[in-house]
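**Student:** Could you look at this predicted model? Sequence included:
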Amino acid sequence: MELRKVAARALAWTTLESAALSGLSFVTLLVLSHYLSPKEFGVAAIALGVVQLLNVPVEVLFHDALVRSDVATESHFDSAFSFTLILSVLLCGSCWLLSGWFADSMDMPELAAILPWMSVSLIGMAMGSILMADQRRKLQFRALALRSLVGRSIAAAVAITMAIRGYGVWALVAQQVLLISLGSMTLWIASSWRPKLRFHGADVRDLLGFGLHSTLTTFLGLATQRVFLLLVGGYLGSYIVGCFSLVFRATDMLRDLLAGAVSQLALPLFSRVQSDYSRLVGVYSQALRLTFFIACPIFVLLACCAGDVVRLAFGEKWLAVPVYLSVSAALALQFFARLYSGPMFRAVGRADLPNVALGIQIGYLALGMAVFGRFGAAYAMILWVSRLLVTTPIDVWLLERATGMRVAQQFAGTLDPLIAAIVMAIVVTVGNWQLQGLPVASRLSIAIAVGVTCYLCCMLLLERTLTRQLFNFLRQAATLRA
């Protein structure tokens, strides 16, 4: 089947999954932000950060190697499953043993009880991670979408109910454990093939060479934000962590609406054309152009209207966060401009190269927080922004070294959407000044309508061909069934 049609069919399911998950996440975040305090969000964010870091080898150690390989056998999948399950039990047990020490070191006694129970999700992830690799390798995203929707729906319902009934931070613990465990259970039920408990050392060694590099890259990428929150918690306390956690969750929720769909497709699609350099670059450029076209106005609008969004969505107790939400939304543009660099590194077998820039980021954050970030939230946010000025040029240079793609090719198609979004931002900002007397909901609705219209008009003037390609691709994805 033509690669474009395969991508469109898979995109239909990944978009459904991402849209539904983002919607559920948004509703859950709305409710929880009204019933939980910033300090409760902060404590949960610290525990979740630790669990998510430990979750990386459970989810990723064999995932990319299995997706990318064209010679992996059923024995490889079974051995990977057995190894991952044992690893998850060991990591979960470590959380139970060391939670008291960690709580004392962070000066947050609540962590001693929260961290062990949240770590149960590691075992739940181990039950589903190899099945996810099998489904993604075959570009069969229907089961993956069902898995995510079932797990997230039930977890959201339980978390909301617990928050309303006054269970506090335990609502967030239950949400994490249920969304992972129930999602894996659903995947087992929906899959026609399931891994077995059998282990061959040779199979594991075949996969570990690539898997360790990919795991380290994913770990460092995830660790950047998680380590930053841990440092903020250690220096500035749980209240500031809670504020930053809400900002990051709100931004990531919108980010995942698009990135969650296309990032799942990137590695298998790039891997299919890795031997044809010109086609590989073409797939990369087209994916970047279409993705940035959609993402740019969403996050520029959020940056312009952050104050109204916070007042309307989260309430008055979160009025310390709008400026940080604006900054986080603006930084998402850099994320989308580099969204496909990671899959490109992995597709060409150089998953180790991004570790250089990611390692520098973490070291920069650790040193910066120790030197001046500990003096306040504003300093910490400046540090969070400035890390990209240091590491983005390194990432660009490394991708050029690995693939031969020049700088212009790596950012092809991003300039026109950025110009259109800047024009939109000016129009929306001026309009908000003129509409200060209106209710928040009305002002926000007008800003969105005017902003989207302005952006599309600018893009029709600047890049009519790209606009048509986007609508044609989305129409094809909507009409094809997986």
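**Tutor:** Nice, I can see it.

**Student:** What values do phi and psi take at the closest residue to Ala320 other than its chain neighbours?
**Tutor:** Spatial nearest neighbour of Ala320, chain neighbours left out: Cys243 (5.6 Å); criterion: C-beta to C-beta, 6 or more residues apart in numbering. For glycine as for every other residue, the C-beta is placed from the backbone atoms N, C-alpha and C. Cys243 adopts backbone torsions of phi -60, psi -50, taken as degrees, to the nearest 10.

**Student:** Report the separation between Cys243 and Gly151.
**Tutor:** The gap separating Cys243 from Gly151 is 28 Å, by C-beta to C-beta, to the nearest Å.

**Student:** what does Arg311 give?
**Tutor:** Applying C-beta to C-beta to Arg311 and Gly151 gives a distance of 31 Å.

**Student:** So for those two, which sits in the more crowded spot?
**Tutor:** Gly151 (23 against 16; other C-beta atoms under 10 Å).

**Student:** Number of residues surrounding the residue nearest to that one when sequence neighbours are not counted?
**Tutor:** Leaving aside its sequence neighbours, Gly151 sits nearest to Gly183 (C-beta to C-beta, 6+ apart; 2.9 Å). The number of residues packed near Gly183 is 26, by other C-beta under 10 Å.

**Student:** cool, and Val58?
**Tutor:** Val58 has 26 neighbours, counted by other C-beta under 10 Å.

**Student:** Check which element follows the helix or strand where it lies along the chain.
**Tutor:** For Val58, the host element (DSSP states H and E) is helix 38-60. Counting by DSSP H and E, the element after helix 38-60 in chain order, helix or strand, is helix 63-68.

**Student:** Give me the helices and strands touching that following helix, please.
**Tutor:** Helix 63-68 is packed against helix 74-106, helix 121-137, helix 201-236, helix 238-272, helix 341-347, with contacts defined by 3 or more C-beta pairs under 8 Å, 6 or more residues apart in numbering; DSSP states H and E.

**Student:** From Glu59, how far out is the residue nearest to Ile123 when sequence neighbours are not counted?
**Tutor:** Of all residues not flanking Ile123 in the chain, Ser88 sits nearest, at 4.8 Å (C-beta to C-beta, 6+ apart). Distance check for Ser88 against Glu59: by C-beta to C-beta, it reads 10 Å.

**Student:** what separates the closest residue to Ser79 other than its chain neighbours from Val283, distance-wise?
**Tutor:** Closest residue in space to Ser79, ignoring its immediate chain neighbours: Asp203 at 3.9 Å, by C-beta to C-beta, 6+ apart. Going from Asp203 to Val283 by C-beta to C-beta gives 31 Å.

**Student:** just Tyr35 next, same as before
**Tutor:** 45 Å.

**Student:** Please say which of the two ends up with more neighbours.
**Tutor:** Higher neighbour count among Tyr35 and Val283: Val283, with 23 against 17, using other C-beta under 10 Å.

**Student:** any idea which helix or strand carries the more buried one?
**Tutor:** Using DSSP H and E, the element containing Val283 is helix 277-304.

**Student:** Could you give me the buried positions within that helix?
**Tutor:** Residues 280-281, 283-293, 295-304 are the ones in helix 277-304 that count as buried (16 or more other C-beta atoms under 10 Å).

**Student:** which residues does the residue nearest to Ser79 contact?
**Tutor:** The neighbours of Asp203, taking C-beta atoms under 8 Å, 6 or more residues apart in numbering as the test, are 73, 75-76, 78-80.

**Student:** where does the helix holding Val58 sit relative to the chain's centre, distance-wise?
**Tutor:** 13 Å (C-alpha atoms, centre = their mean, to the nearest Å).

**Student:** looking only at pLDDT, what's the mean for it?
**Tutor:** The average pLDDT within helix 38-60 is 92.

**Student:** Check which helices and strands it sits against.
**Tutor:** So helix 38-60, by 3+ C-beta pairs under 8 Å, 6+ apart, packs with helix 74-106, helix 111-118, helix 121-137, helix 170-190, helix 201-236, helix 238-272.

**Student:** Of those, flag the one that's most buried.
**Tutor:** helix 121-137 (a mean of 24; mean count of other C-beta atoms under 10 Å).

**Student:** what is the orientation angle of that helix with helix 170-190?
**Tutor:** Interaxial angle, helix 121-137 versus helix 170-190 (axes from the mean of the first three to the mean of the last three C-alpha atoms, to 10 degrees): 40 degrees.

**Student:** Between helix 74-106 and helix 121-137, find me the angle.
**Tutor:** If you take the same axes, to 10 degrees, helix 121-137 sits at 140 degrees to helix 74-106.
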